[in-house]
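*Asks:* 3D, please:
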Amino acid sequence: MIKQVTNLTSVTLELGGKSTIIIVKDFDLTTAAKRVMYAKLINSGQTCVAQDYLFIPKGKEEEFIN
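*Replies:* Here you go, the predicted model:
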């Protein structure tokens, strides 16, 4: 006997990437912050290329956060 499935739900599975973002010293931090947030939050962060690490030039941390 074959049971009929009546409730199918699409899912996206995290496949385990450890992507890194590197921001170079001459790149605009506002643009970088917008792009980082978009990339991290797309699909609620549940993609294998969602970033986990951020490297930013020393002294630029507060500016990036703001």
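*Asks:* and the gap between the residue most central in space within the chain and Ser19?
*Replies:* For the chain, Lys40 is the residue whose C-alpha lies nearest the centre (C-alpha atoms, centre = their mean; 2.1 Å). As for Lys40, its distance to Ser19 is 10 Å (criterion: C-beta to C-beta, to the nearest Å). Bear in mind the C-beta positions are built from the backbone N, C-alpha and C, glycine included.
*Asks:* what's the answer for Val11, then?
*Replies:* Val11 is 21 Å from Ser19, by C-beta to C-beta.
*Asks:* do Leu41 as well
*Replies:* In this view, Leu41 and Ser19 are 14 Å apart by C-beta to C-beta.
*Asks:* more neighbours, these two?
*Replies:* Ser19 (13 against 10; other C-beta atoms under 10 Å).
*Asks:* pull the longest helix from the protein.
*Replies:* Longest helix in the chain by number of residues (criterion: DSSP state H): helix 29-41.
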